[in-house]
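Participant: task: produce atomic coordinates for the following.
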Amino acid sequence: MIDSTLLPFIQHIKACKSANLPGKYIPLSYHEKIIGWIAPQYSSFLTQLGYLQSGTGFHITSGHQLLSLSNNLAELNAYKPHNELFDVRAQKDVVIGQVDRGAIPILGLNAEGIHLNGLVKQGDKLMLWVAKRSMNKRLDPGKLDHLVAGGMSTGLTPNLTVLKEAQEEAGIPPELAQQAKHVSTLHYALERPEGLRRDLLHCYDLILPESFTPIAEDGEVESFSLLPIQDVFQIVKNTNDFKFNVNLVLIDLFIRHNLFNSKEKATLSNLLNE
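Facilitator: Okay, the predicted model is just below:
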């Protein structure tokens with residue numbers, strides 16, 4: 001039997017891994033490889049744009065079709081454009097085209113992003129910088145978030161995305177941000193109001209000096225708080241105050257810093273990586 005104290009953490013993980021694929025979704029294929037999953041409510045848009053649905057779903061023959069498809073979907077008001085392009089991969093490290101970021105969940109495409117744990121050591125205490133998202137954010141306004149987190153725009157690598165987002169979101173200079181260490185890679189798939197999220201998160205730890213104070217340079221953060229990691233643990237355990245995917249990265253952090261016993265760590269690690 002699972003200890004009841006572990007259940008909230010399990011629920012956070014399962015909530016992020018709740019998509020049932022293929023389920024109701026219609027595959028979107030590129031040269032016989034499935035790259036996306038179309039929800040039934042969006043299939044009519046593709047049909048309207050001339051993409052014929054066969055017994056095996058929708059198909060594209062060229063990666064160049066993806067950008068025009070995302071632009072056309074925006075013109076049909078299927079989603080509101082972000083005016084930021086993301087790469088689409090048919091397999092790891094093989095980019096076939098680009099789409100507007102807002103079209104990714106509409107088409108059920110994989111997306112990649114980075115999350116950075118901004119850590120401060122105060123004697124024998126470990127502190128974590130926590131951001132509160134602006135109420136003007138399109139997604140999850142007012143939720144708690146990492147010090148730095150963001151999607152991986154076209155042409156960028158995870159490391160370059162860390163440098164970019166660290167400067168924009170928290171005013172962390174490149175010479176400090178480049179000290180961030182990659183610690184894990186997490187994945188999930190779930191249905192959200194914006195569509196199907198199938199994300200790969202590259203997770204980083206960065207030890208910051210006690211003298212550092214973050215500055216929200218791009219206006220996406222309302223405020224920052226420096227909290228003991230044990231306090232953050234209790235927030236994750238007892239609330240849904242953090243943005244949904246931040247919980248996964250924090251649970252991974254708690255595992256690595258021994259806030260669970262060995263049996264609990266094994267249970268949560270298996271769920272995170274399944």
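Participant: what are the boundaries of the strands in the stretch 1-150 of the chain?
Facilitator: Assigned strands in the stretch 1-150 of the chain, in chain order: 26-30, 33-38, 58-60, 85-91, 94-100, 110-122, 125-133, 144-146, 148-151 (criterion: DSSP state E, counting those that start in this stretch).
Participant: give the rounded mean pLDDT of the last one.
Facilitator: pLDDT averaged over strand 148-151 equals 95, rounded to a whole number.
Participant: mind listing the strands that strand pairs with, and their directions?
Facilitator: Its sheet considered, strand 148-151 pairs with strand 110-122 (antiparallel) by DSSP bridges.
Participant: residue 153 and residue 101, how far apart?
Facilitator: Remark: distance between residue 153 and residue 101 (CB to CB, to the nearest Å) = 8 Å. Using the backbone N, CA and C atoms, a C-beta is placed for each residue, glycine as well.
Participant: touching both of the two, which residues are there?
Facilitator: Common neighbours of residue 153 and residue 101, counting by CB atoms under 8 Å, 6 or more residues apart in numbering, are 84, 85, 86.
Participant: still on that earlier bit, just the strands of the stretch 1-150 of the chain: most buried one?
Facilitator: Comparing these by mean neighbour count (mean count of other CB atoms under 10 Å), strand 144-146 ranks first with a mean of 24.
Participant: packing partners of that one?
Facilitator: strand 110-122, strand 125-133, helix 244-256 (3 or more CB pairs under 8 Å, 6 or more residues apart in numbering; DSSP states H and E).
Participant: ok and the first one relative to helix 244-256, angle-wise?
Facilitator: It refers to strand 110-122. The directions of strand 110-122 and helix 244-256 differ by 50 degrees, with axes from the mean of the first three to the mean of the last three CA atoms, to 10 degrees as the criterion.
Participant: chain center to strand 110-122: distance?
Facilitator: Relative to the mean C-alpha coordinate of its chain, strand 110-122 is positioned 11 Å out (CA atoms, centre = their mean, to the nearest Å).
Participant: that one - what's its average pLDDT?
Facilitator: The model assigns strand 110-122 a mean pLDDT of 97.
Participant: nearest to residue 62, out of the helices and strands packed on strand 144-146?
Facilitator: strand 110-122 (18.6 Å; CB to CB).
Participant: just to revisit the earlier point, of all the helices and strands packed on strand 144-146, which one is nearest residue 214?
Facilitator: Residue 214 lies closest, by CB to CB, to one member of those: strand 125-133, at 6.1 Å.
Participant: what comes up buried for stretch 230-250?
Facilitator: Neighbour-count burial for stretch 230-250 flags 232-233, 235-237, 242-250 (criterion: 16 or more other CB atoms under 10 Å).
Participant: make TSV out of these and add distance to residue 24 and pLDDT.
Facilitator: As requested, those are exported to TSV (distance: CB to CB, whole Å; pLDDT from 0 to 100):
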residue	distance to residue 24	pLDDT
232	36	98
233	36	98
235	34	98
236	31	98
237	33	97
242	28	98
243	26	96
244	21	96
245	23	97
246	28	98
247	26	98
248	24	98
249	29	98
250	31	98
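Participant: tell me the one of those nearest residue 175?
Facilitator: Nearest to residue 175 out of the buried residues of stretch 230-250 is residue 249 (CB to CB; 24.1 Å).
Participant: quick check: that closest one vs residue 174, distance?
Facilitator: Using CB to CB, residue 249 is found at 22 Å from residue 174.
Participant: rewinding a little: and which of the shared contacts of residue 153 and residue 101 is nearest residue 106?
Facilitator: Residue 106 lies nearest to residue 86 out of those, by CB to CB, at 12.5 Å.
Participant: what lies in contact with stretch 4-18?
Facilitator: Around stretch 4-18, the neighbours that count as contacts under CB under 8 Å, 6+ apart are 2, 188-191, 236-238, 244-245, 247-248, 251, 260, 264, 267-268, 271-272, 274.
Participant: distance from the chain centre to that stretch, please.
Facilitator: Distance, stretch centre to chain centre, for stretch 4-18: 17 Å (CA atoms, centre = their mean).
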